[in-house]
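Asks: model the structure of this input:
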Amino acid sequence: MALKGSKRVHVATHGEKGETVTVLACVNASGTNFIPPMILYKGKNRKDIWGDGLPPGSIFEMTPKGYITVESFCKFIEHFNRHRLPGKALLILDGHKSAEYSRATRNSNAISTSPLFT
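Replies: This is a model prediction of the structure:
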């Protein structure tokens, strides 16, 4: 990530070219508040350098395939609850396991839903 128009962009890459990286990002409907992203890298061994240059408050995790898992989603919900505005929240989830992810939000003050066709 870098500012638009940057002439030098420093990148910390992970794995071989073409590896999967997943970014979980949230913003409110008015665009005035965003949750720092959570980045999911493929692999087992985490290196702190992969977090260099991320927006303040961002976190990153390792998953077997670089895709979201129920465990990583639960960590994201904790991250979400630390950074979101007070009150109720509506999460719109996109994915084939969204029912499992919806169960993960039970103990938070968030309501989750999934679009019919994702």
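Asks: immediately after the helix of greatest length in the chain, which helix or strand?
Replies: With secondary structure taken from DSSP state H, the chain has its longest helix at helix 70-83. Toward the C-terminal end, the helix or strand that comes next after helix 70-83 (DSSP states H and E) is strand 89-92.
Asks: can you list the buried residues in that next one?
Replies: 89, 91 (16 or more other C-beta atoms under 10 Å). C-beta coordinates here come from the backbone N, C-alpha and C atoms, glycine included.
Asks: hey, where'd the strands end up in the protein?
Replies: In the chain, the strands defined using DSSP state E lie at 21-27, 34-42, 59-63, 89-92, 110-113.
Asks: out of those strands, which is the most enclosed?
Replies: strand 34-42 (a mean of 19; mean count of other C-beta atoms under 10 Å).
Asks: show me what it is packed up against.
Replies: Applying 3 or more C-beta pairs under 8 Å, 6 or more residues apart in numbering; DSSP states H and E, one finds that strand 34-42 contacts strand 21-27, strand 59-63, helix 70-83.
Asks: for the second one, C-alpha coordinates in PDB please.
Replies: Looking back up the chat, that one is strand 59-63. Coordinates of the C-alpha atoms in strand 59-63 are reproduced here as PDB (Å, rounded to 0.1, in the frame of the first residue of the first chain):
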ATOM      1  CA  ILE A  59      -3.300  -6.800  11.700                       C
ATOM      2  CA  PHE A  60      -2.200  -9.800   9.800                       C
ATOM      3  CA  GLU A  61      -2.500 -13.600  10.200                       C
ATOM      4  CA  MET A  62      -1.300 -16.800   8.500                       C
ATOM      5  CA  THR A  63      -3.800 -19.300   7.200                       C
END
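Asks: just to revisit the earlier point, compare the helices and strands packed on strand 34-42 and give me the one nearest residue 5.
Replies: Nearest to residue 5 among those is strand 21-27 (21.6 Å), distances taken as C-beta to C-beta.
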